[in-house]
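Chemist: Only the shape, not the letters, is given here:
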Ligand code: TYD
């Protein structure tokens, strides 16, 4: 039996998700937390969407390629993210949780509600149904929403932007509002101020787990 108690919280078989806008440092924070939990003796699977599987990586390339700017339909985009999520959940996340591992994922269900729901205007109820099926109803146990104002997040990007990163500020304003509204009353979500440096954000995340 794996020991997964950290800071008085049992983390074996638990799903921890990092969410937020692009350029908020979610993936870095997911990696740092995974390492910290490993140091505490947890068996951790570090993963993320879109991608995390061979099928998901193929879909990711379609989703992010600038070749598809202006042609990829919003509903088709939603379904492609759900293809990646279904494959990722069934191939990686759910089996690892069943084995008592702690899964740390950069993005999960909330991203589709915020980006495709609030950002693109697709019905939230429909997205939830698809999320539910794709993940066999498995929600995150703990979510860290790394929150950064849109201007701050976008100013961090240097170099080429992918198809979604090239969206206008108004799109990101809607997505951020989505993340904040969707999580406002959810006690499993910790909203973390991501405007500080990497170490400060990591300390805030660890503090939520009693580390
Ligand atoms: P991102 O987290 O930026 O991947 P990485 O950090 O590995 O580059 O995710 C890629 C993009 O996909 C990002 O702009 C957010 C978007 N996205 C959605 O629009 N909906 C979703 O359901 C998911 C998972 C991601």
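Modeler: All right, it came through fine. Being a predicted model, the structure only gives us computed values, none of them experimental.

Chemist: Can you tell me the SS state at residue 145?
Modeler: Put simply, residue 145 is strand when judged by DSSP: H, G, I helix; E, B strand; the rest coil.

Chemist: Close to the ligand: what parts of this protein are there?
Modeler: Residues of the chain lying near the ligand by CB under 6 Å from any ligand atom: 22, 27, 48-50, 81, 106-107, 111-112, 115-116, 164-165. The C-beta positions use only the backbone N, C-alpha and C, and glycine is treated the same way.

Chemist: swap the cut-off to 8 Å and go again
Modeler: 22, 26-27, 48-51, 60, 63-64, 77-78, 81-82, 84-85, 106-109, 111-112, 114-116, 119, 162, 164-165, 175 (CB under 8 Å from any ligand atom).

Chemist: Keep only those of those that are in strands.
Modeler: Within the residues of the chain next to the ligand, residues falling in strands by DSSP state E are 48, 106.

Chemist: Using ChimeraX, define a selection of the buried residues within the residues of the chain next to the ligand.
Modeler: Buried subset of these, written as a ChimeraX selection, criterion 16 or more other CB atoms under 10 Å:
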select :22,26,48,49,50,51,60,63,64,77,78,81,82,84,85,106,107,108,109,111,112,114,115,116,119,164,175
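
Chemist: Who are the contact partners of the residue of the chain found nearest the ligand?
Modeler: Nearest to the ligand in the chain, going by CB to the nearest ligand atom, is residue 115, at a distance of 3.1 Å. Residues near residue 115 by CB atoms under 8 Å, 6 or more residues apart in numbering: 81, 164, 175, 178.

Chemist: Out of those residues, which comes closest to residue 69?
Modeler: If you rank the contacts of residue 115 by distance to residue 69 using CB to CB, residue 164 comes first, at 9.5 Å.

Chemist: Now do the same for the residue lying closest to that closest one once chain neighbours are set aside: its pLDDT.
Modeler: The shortest distance from residue 164 to any non-neighbouring residue, by CB to CB, 6 or more residues apart in numbering, is to residue 64 (6.6 Å). If you check residue 64, the pLDDT there is 97.

Chemist: and residue 64, what is it in contact with?
Modeler: Residue 64 neighbours (CB under 8 Å, 6+ apart): 50, 162-164.

Chemist: what about residue 207, how many neighbours?
Modeler: Applying other CB atoms under 10 Å, we find 12 residues neighbouring residue 207.

Chemist: Helix or strand: which one has it?
Modeler: helix 198-208 (DSSP states H and E).

Chemist: And residue 96, by the same measure?
Modeler: helix 94-98.

Chemist: rewinding a little: can you lay out the contacts of residue 64 as a markdown table showing distance to residue 147 and pLDDT?
Modeler: What follows is the contacts of residue 64, written out as a markdown table (distance: CB to CB, whole Å; pLDDT from 0 to 100):
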| residue | distance to residue 147 | pLDDT |
| --- | --- | --- |
| 50 | 21 | 97 |
| 162 | 22 | 93 |
| 163 | 24 | 94 |
| 164 | 19 | 93 |
